[in-house]
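Colleague: Got a sequence here, can you build the structure:
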Amino acid sequence: MVTKIERVLQELNENGNFKASLFSTPAGLLLASQKTEEVDEKTLAAMGSLLTDAAFKAQDEMGLSPLDTLRIRYIDDLIIMKNIILSEDAHFLLAIIAKAPESNDVDKYYDQLLDWAVENSRDFLKQMSSL
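Modeller: Numbering: from 1, shown residues only. Okay, the predicted model is just below:
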């Protein structure tokens, strides 16, 4: 049986043509994922944790505003990690792997898709934060 959170990730991947999408904790604990066969979701969750940890340290050291989104663009690929803050003690990550967008319009569309996924996953994430 496919859960609601898995359906959200499936739809996210289909609409964005993403190779993978997942929700995890900032420590890298995988909560849910949808991916193509060649992607290791545990590695993506671990890398998301490592990269956002560095971004959080930069935020603290340089007095920056809270982290929203971290993007790493390769020649042909893109990793986006969206920081989801539900409360001071409840943070989650939404990470995707995609082909690098060919235009700013596609990049904006990716942002809209991630925002949609976050909104449609809030109840699930709130349940996870209360465990």
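Colleague: Show me the helices in this protein, by range?
Modeller: 4-16, 41-62, 104-119, 122-129 (DSSP state H).
Colleague: quick one: buried residues of the last one?
Modeller: Residues Phe124, Leu125, Met128 are the ones in helix 122-129 that count as buried (16 or more other Cβ atoms under 10 Å). (Glycine included, C-beta is placed from N, CA and C.)
Colleague: average pLDDT across it?
Modeller: Averaged across helix 122-129, pLDDT comes to 90.
Colleague: Hey, what's the angle from that helix to helix 104-119? Just curious.
Modeller: Angle of helix 122-129 versus helix 104-119, following axes from the mean of the first three to the mean of the last three Cα atoms, to 10 degrees, is 60 degrees.
Colleague: before we move on, back to that, do you know which of the helices of the chain lies nearest Gly28?
Modeller: Evaluated with Cβ to Cβ, the helices of the chain place helix 41-62 nearest to Gly28, the distance being 3.4 Å.
Colleague: pLDDT on the closest one, on average?
Modeller: Averaged across helix 41-62, pLDDT comes to 92.
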